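1. let me see the structure of the following:
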Amino acid sequence: MSKALGKDSTCSIARSLEVLGDTWTLLIVRDALVLGSTRFQEFRDALGVAPNILAKRLALLVDEGLMTRRTYQDTGARARDEYVLTDAGRSLSLVIAALGAWGREFRPRPDGTSPSFLVEDSETPAQLAFVAADGGHVPPDRLVARRTPD
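-> Modelled structure (predicted):
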């Protein structure tokens, strides 16, 4: 599924979209993060995605190092694979949280749901923010973006 995006495929955003630029891929990561899904059928039930598409996206996530495949076996059943997020996959929680926040604000629905991210030990809500070197929060309308080398 890897594809070069435009003439500036060296850009970190373009490189990321080569892996994550598909709707199903991000929804699989979302369900792994938010629902704790690891099994093929869990993803299938939650997303309603065709099995061939799901198998392809899970293979991509494994190949790209966002998930790892582990074998499990329920009593009396054949061995199957489950898909567990790696550190690279778990770090996408920032991306998923940002997409959720953007969707709440700019694509609201009366019946909408959104993921919430909480500090594990205290259940304190965590918030996304740009933070300056001095620790101060910087609102998005005060930001400028510049291209810099990785």
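2. mind listing the helices for this protein?
-> Using DSSP state H, the helices assigned to the chain run over residues 12-20, 23-34, 40-47, 51-63, 87-90, 93-106.
3. out of the ones you listed, deepest packed?
-> Highest mean neighbour count of those: helix 23-34, a mean of 19 (counted as mean count of other Cβ atoms under 10 Å). To be clear about C-beta, it is placed using only N, CA and C from the backbone, and glycine gets the same treatment.
4. and that one, how far out from the chain's middle?
-> Chain-centre distance of helix 23-34: 5 Å, with Cα atoms, centre = their mean, to the nearest Å.
5. report the central residue of this protein.
-> Centroid-nearest residue in the chain: residue 29, 4.0 Å away (criterion: Cα atoms, centre = their mean).
6. from memory that residue sits against residue 85, does it?
-> Yes: contact criterion Cβ atoms under 8 Å: residue 29 and residue 85 qualify, at 7.4 Å.
7. what sits in contact with each of the two?
-> In terms of Cβ atoms under 8 Å, 6 or more residues apart in numbering, residue 29 and residue 85 are both contacted by the residues residue 66.
8. from residue 137, how far out is the residue of the chain positioned farthest from its centre?
-> In the chain, the residue that sits farthest from the middle, by Cα atoms, centre = their mean, is residue 76; the gap is 33.3 Å. When distance is defined by Cβ to Cβ, to the nearest Å, residue 76 is 54 Å away from residue 137.
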